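[1] Got a predicted structure plus its sequence, pasted below:
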Amino acid sequence: MNVFERLQYIDRRIMYALLVVAIAVPLIWRINLPVVVTPAVKGVYDTFDKMPNDKIALIVVYWGAGTVAETGPETSAMMRQLFMQNKKFALLPFDPQGSKLATDEAKALAKKYGKKYGVDWVHWGYQPISNLVPLLQSFPRDIKGTFKTDAYGTPMNKIPMMRNVNTINDIGVIADITSSGELDTWIAYIYGSYRTPMVYGPTAIIAPEGFNSLDAGQIKGMLMGMKGAAEYEKLLNAEGFATRAAGALSTSHLLIVVLIIAGNIGYVSSRRRRER
Amino acid sequence: MFHWLSDSHITTAVTIWIGALGTLAIYSILYKENPIYRIAEHVFIGAAAGYGIFITWVEMLKPAWWDQITQGRWYWIFALIAGAMFYFIYSRRYVWISRIIFGVLLGLVAGGAFKGFVGVNIDRISASFKPLYGQGLTATEIANNALFIIVLLAVMAYFFFSFEHKSLIRRAPAQLGRWCLMFAFGAMFGFTVMARMSLLIGRIYFLLHNWLHIAQ
């Protein structure tokens, strides 16, 4: 087997090993590549920034441990901005794992920014995703009637920040952070009926579906996976995991491009040799 | 014997070790199929399902349903009856009971789907009519809007199957539409690769940072 043929048949285990090295090196020895903030990410920041202080943000968590590397930093960055700007938010998880992971992150950030549960943030309790449509038809008219207690069994009326939150008009922004494609349901039942500003935090794999809504103005901004979270962290001037991972994201992509080029060089060269 | 369970430092360390060994066990599939991978896979799925059932009861069913019944609102028992009706699909004799509840569900879904279509697509259709002059548009915005309209019409031409694309006037826009679709699919695949890399980075960062303490 000559060198060109070998380029076409590199053992996948060698490629995996190269990938691990390409990712590990920038994580250990940090490389600072420029992070350019895109208008979609700026849209998310501006939407929260413009939210009146007498309204609350609703952070929808529909992701689990499988996509925490992407959706975790997105959720974290949104909560961070809200805490930094003294704005209140509610968590509404549709995934049991996401409920735990987002709550842990909210607690850690609340401790860092000196915020209190029930005063600055609240957890409306996990809801099965099969409940989504009935829930979207019910809660805009009567939040406390739909979510009678928070995640810890406290009646909504006894939670200070929920005192004046009764309908969708008291929600300033809805952030849908998801590893699934249920954004259209939110748009259909919430944005379509009430025009509540929405922002979107998908995993990169489903981000292309969000561009239609972004272009139509149905969502005001979008984070595209880990890259979007890194841009958001730059806007917040608060470096987190996504910023650190941005370098590894670039080197891993570079390696894939190099491997694709190498495979193609091998293929074209081998064919030419055979034709001769 | 289990006093160490109340020490958060020890439980955190144990959790990180379990996470790290579980990660390595799952990734061992990349080398070849092996029993360690199988065990880790089953443990993860079992733990996730068990945790899901626990959270569903504690945060959803108990406050929203069980507590309602125990506080005197007995009519919430009908929710259990309606839910149980679905299970009659497994009985040949009583399958008609499940059809009632499935019929109600399908009716609700059909109504919801219509509302969903209107709510989602009206805005998108109206956003497709982009201006090409006036309204204080810059040259870049006009070019961008023109490009959008050309791509939109070309892709629609590709999906117009009412007549054969024989003549050049019919074939050329359809071919352009096909190229545009290919570019779009390429971009979507790029996003897919980025998503996969991000997940891998997350796990490697966990191993290097939380477990081995060699990353920042």
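    Looks like it came in fine.

[2] Name the SS class of whichever residue of chain B sits closest to chain A, please.
    Residue nearest to chain A within chain B: residue B:202 (2.3 Å; CB to the nearest CB). In this view, the C-beta of every residue, glycine as well, is placed from N, C-alpha and C. Here residue B:202 is recorded as helix under DSSP: H, G, I helix; E, B strand; the rest coil.

[3] element containing the nearest residue to it once chain neighbours are set aside, please.
    Using CB to CB, 6 or more residues apart in numbering or on different chains and skipping residues adjacent in sequence, the residue nearest residue B:202 is residue A:69, 2.3 Å away. Using DSSP states H and E, residue A:69 sits in helix A:68-84.

[4] Can you list the buried residues in that helix?
    A:68-83 (16 or more other CB atoms under 10 Å in any protein chain shown).

[5] picking up where we left off before, in contact with the residue of chain B closest to chain A, which residues are there?
    Residue B:202 makes contacts with A:68, A:69, A:70, A:72, A:226, A:245, as judged by CB atoms under 8 Å, 6 or more residues apart in numbering or on different chains.

[6] and the stretch 1-150 of chain A, which of its residues are near chain B?
    A:12-13, A:16, A:19-20, A:23-24, A:27-28, A:30, A:64-70, A:72, A:96-97, A:99-100, A:125-128, A:133, A:148-149 (CB under 8 Å from any CB of the partner chain).

[7] which of those count as buried?
    For the residues of the stretch 1-150 of chain A next to chain B, buried by 16+ other CB under 10 Å: A:19-20, A:23-24, A:27, A:64-70, A:72, A:96-97, A:99-100, A:125-128, A:133, A:149.

[8] Where does chain A get nearest to chain B, which residue?
    Closest point on chain A to chain B, by CB to the nearest CB, is residue A:69, at 2.3 Å.

[9] Contacts only, for that residue.
    By CB under 8 Å, 6+ apart, the contact list for residue A:69 reads A:226, A:241, A:245, B:198, B:199, B:201, B:202, B:203, B:205.

[10] mind redoing it with 6 Å?
    Applying CB atoms under 6 Å, 6 or more residues apart in numbering or on different chains to residue A:69 gives the contacts B:198, B:199, B:202.

[11] Check it and give its pLDDT.
    According to the prediction, residue A:69 has pLDDT 95.

[12] any low-confidence regions in chain B?
    B:1 (pLDDT under 70).

[13] quick one: the helices in it?
    B:8-27, B:35-55, B:67-70, B:77-85, B:95-128, B:139-158, B:168-205 (DSSP state H).

[14] Distance to residue A:234 added to those, as a markdown table?
    Converted to a markdown table, those look like this (distance: least, CB to CB, whole Å):
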| stretch | distance to residue A:234 |
| --- | --- |
| helix B:8-27 | 29 |
| helix B:35-55 | 33 |
| helix B:67-70 | 45 |
| helix B:77-85 | 48 |
| helix B:95-128 | 29 |
| helix B:139-158 | 24 |
| helix B:168-205 | 17 |
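
[15] which of those sits most buried?
    Of all the helices of chain B, helix B:168-205 has the most neighbours on average by mean count of other CB atoms under 10 Å in any protein chain shown, namely a mean of 16.

[16] tell me the angle that one makes with helix B:8-27.
    140 degrees (axes from the mean of the first three to the mean of the last three CA atoms, to 10 degrees).

[17] Residues of the stretch 151-276 of chain A that sit close to chain B?
    Residues of the stretch 151-276 of chain A lying near chain B by CB under 6 Å from any CB of the partner chain: A:151, A:153, A:184, A:187-188, A:192, A:203-205, A:207-208, A:212, A:215-216, A:218, A:225-226, A:245, A:248-249, A:252.

[18] tell me, how many neighbours does residue B:212 end up with?
    Residues lying near residue B:212 (other CB atoms under 10 Å in any protein chain shown) number 11.

[19] Phi, psi for it please.
    Per-residue torsions, residue B:212: phi -90, psi -10 (degrees, to the nearest 10).

[20] One more: residue A:10?
    Taking degrees, to the nearest 10 as the convention, residue A:10 sits at phi -70, psi 130.

[21] what sits against it?
    If you count contacts by CB under 6 Å, 6+ apart, then residue A:10 has nothing around it.

[22] Next one: it relative to residue B:192, how far apart?
    Distance, residue A:10 to residue B:192, using CB to CB, to the nearest Å: 21 Å.

[23] With residue A:118 instead?
    From residue A:118 to residue B:192 the distance is 40 Å (CB to CB).

[24] so where do the helices sit in the stretch 151-276 of chain A?
    Under the criterion DSSP state H, counting those that start in this stretch, helices of the stretch 151-276 of chain A are mapped to A:183-186, A:192-194, A:207-216, A:225-236, A:241-275.
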